[in-house]
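In: just need the structure, nothing else, for what follows:
(one chain, ligands or ions: 1)
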Amino acid sequence: MTTATVSLRDMRMVYGTGARRVLALDGITVDFQPATFTAIMGPSGSGKSTLLHCAAGLDRPTEGRVIIAGIDLDSLDETRLTRLRRDRIGFVFQEFNLVSSLTAEQNVALPARLAGRRPSTAEITGALAEVGLADRAGHRPSELSGGQQQRIAIARALFNRPAVLFADEPTGALDSRASRQVLDLLRKLVNEHGQTVVMVTHDPLAAVTADQIVVLADGRLVDRLTGVTAESIVGRLAALEPTC
Ligand code: ADP
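Out: The predicted structure is shown next:
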């Protein structure tokens, strides 16, 4: 029995067949411990998004196991997997994916409403305050900056108090100042609220905010880095890029 929030065991993912067959993940085993912040890095096509989507139950791996908060996702039918994703897993995307017709507070409350709950105003205001945007409750996404939209998306992803927050390039569409705010927020959630965060990023400056960096190449886990500088990450990744 593992104490990890997320355990991936011998995870393999194959797309397509015959000449179109792609081995996107080739035996990934890794644990994400409670209240830790992990960055996943690697060259383009190394399997980062596939890993994140399988770990979050958005895709099912071809082989191997995904265990979240003690629950083996393989044991769940589609209905129960959907419920687990809704209740136990938060996900944020590079492009925020807020509902444009809804206000910030309506976006934040959406997962709870989809789960059949009617959250109180105090609960919603508290969630907005947590990301520093209590004064933007009535704004629609088009009235917010990119960084503010991403912070609303984080508040929404955390509203059901998930065991783990997955983030796919959460700063990829942001300028450096907004990126810093989002990264500081993720760090605070880990340090002060014990949130477990797993983030895919291309940005070494973002990656050093994490406690550990898991490096993928060709669908395999090739490195685990802690206490490194952004410069040394650049060097490590350059060594993994194909030389053609
Ligand atoms: P990364 O996020 O590191 O760029 P991906 O996980 O997106 O890598 O992709 C890993 C490999 O799997 C790549 O070779 C990619 O082309 C392939 N791949 C990803 N998604 C699909 C898909 N839906 N169908 C076929 N091949 C895919």
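
In: spell out which residues of the chain are next to the ligand.
Out: Taking CB under 6 Å from any ligand atom as the test, the list of the chain residues beside the ligand reads Y15, G16, V22, A24, G42, S44, G45, S46, G47, K48, S49, T50. For glycine as for every other residue, the C-beta is placed from the backbone atoms N, C-alpha and C.

In: can you list contacts of the longest helix anywhere in the chain?
Out: Counting residues, the longest helix found in the chain (DSSP state H) is helix 176-193. The list of residues contacting helix 176-193 from outside it, by CB atoms under 8 Å, 6 or more residues apart in numbering, reads 35-37, 131-132, 145-147, 150-151, 154, 158, 165, 167, 170-171, 174, 195-197, 199, 203, 205-206, 209, 211.

In: please pick the buried ones from those.
Out: For these, a neighbour count by 16 or more other CB atoms under 10 Å gives the buried set as 36-37, 131, 146-147, 150-151, 154, 158, 165, 167, 170-171, 174, 195-197, 199, 203, 206, 209.

In: which of those residues fall in helices?
Out: The helices in this structure, assigned by DSSP H, contain G146, G147, Q150, R151, I154, L158, A206 from the buried ones among the contacts of helix 176-193.

In: thinking again about what came up before, in the longest helix of the chain, what counts as buried?
Out: A178, S179, R180, Q181, V182, L183, L185, L186, R187, L189, V190.

In: relative to A104, how far out is the fifth one?
Out: Meaning V182. V182 sits 16 Å away from A104 when distances are taken as CB to CB, to the nearest Å.

In: could you do the fourth one as well?
Out: Using CB to CB, Q181 is found at 16 Å from A104.

In: G146 contacts F96, correct?
Out: Yes - with contact taken as CB atoms under 8 Å, G146 and F96 are classed as touching, separated by 7.4 Å.

In: give me the common contacts of the two.
Out: With contacts defined as CB under 8 Å, 6+ apart, the residues shared by G146 and F96 are A173.

In: please name the bridge partners of the most centrally placed residue in the chain.
Out: Relative to the mean C-alpha position of the chain, the nearest C-alpha, by CA atoms, centre = their mean, is the one of F166, at 1.7 Å. Following DSSP bridges, F166 is listed with bridge partners F91, V198.

In: so it is in contact with F93, correct?
Out: No - under the criterion of CB under 8 Å, F166 lies out of contact with F93, with a separation of 9.6 Å.

In: what do these two both touch?
Out: When contacts are counted by CB under 8 Å, 6+ apart, F166 and F93 are jointly contacted by no residue.

In: how many neighbours does E78 have?
Out: Per other CB atoms under 10 Å, the neighbour tally for E78 reads 8.

In: tell me where the protein has strands.
Out: Taking DSSP state E, the strands of the chain run over residues 6-15, 22-32, 37-41, 63-68, 71-72, 89-92, 164-168, 196-200, 212-217, 220-225.

In: got those strands as TSV, with mean pLDDT columns?
Out: Rendered in TSV, the data for the strands of the chain read as follows (pLDDT from 0 to 100):
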stretch	mean pLDDT
strand 6-15	98
strand 22-32	98
strand 37-41	98
strand 63-68	97
strand 71-72	96
strand 89-92	96
strand 164-168	98
strand 196-200	98
strand 212-217	97
strand 220-225	96
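
In: those strands: which one's closest to R136?
Out: Nearest to R136 among the strands of the chain is strand 89-92; the distance by CB to CB comes to 17.3 Å.

In: residues in contact with that closest one?
Out: 56-58, 68, 85, 150, 153-154, 157-158, 160, 162-168, 170.

In: next: stretch 211-225.
Out: 13, 23-30, 36-43, 46-48, 50-51, 190, 207, 226, 228, 232-233, 236-237, 240.

In: buried ones only from the residues you listed, please, as a PyMOL command.
Out: This is how PyMOL selects the buried members of those, with burial counted by 16+ other CB under 10 Å:
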select buried, resi 13+23+24+25+26+28+30+36+37+38+39+40+41+42+43+46+47+48+50+51+190+207+228+233+236+237+240
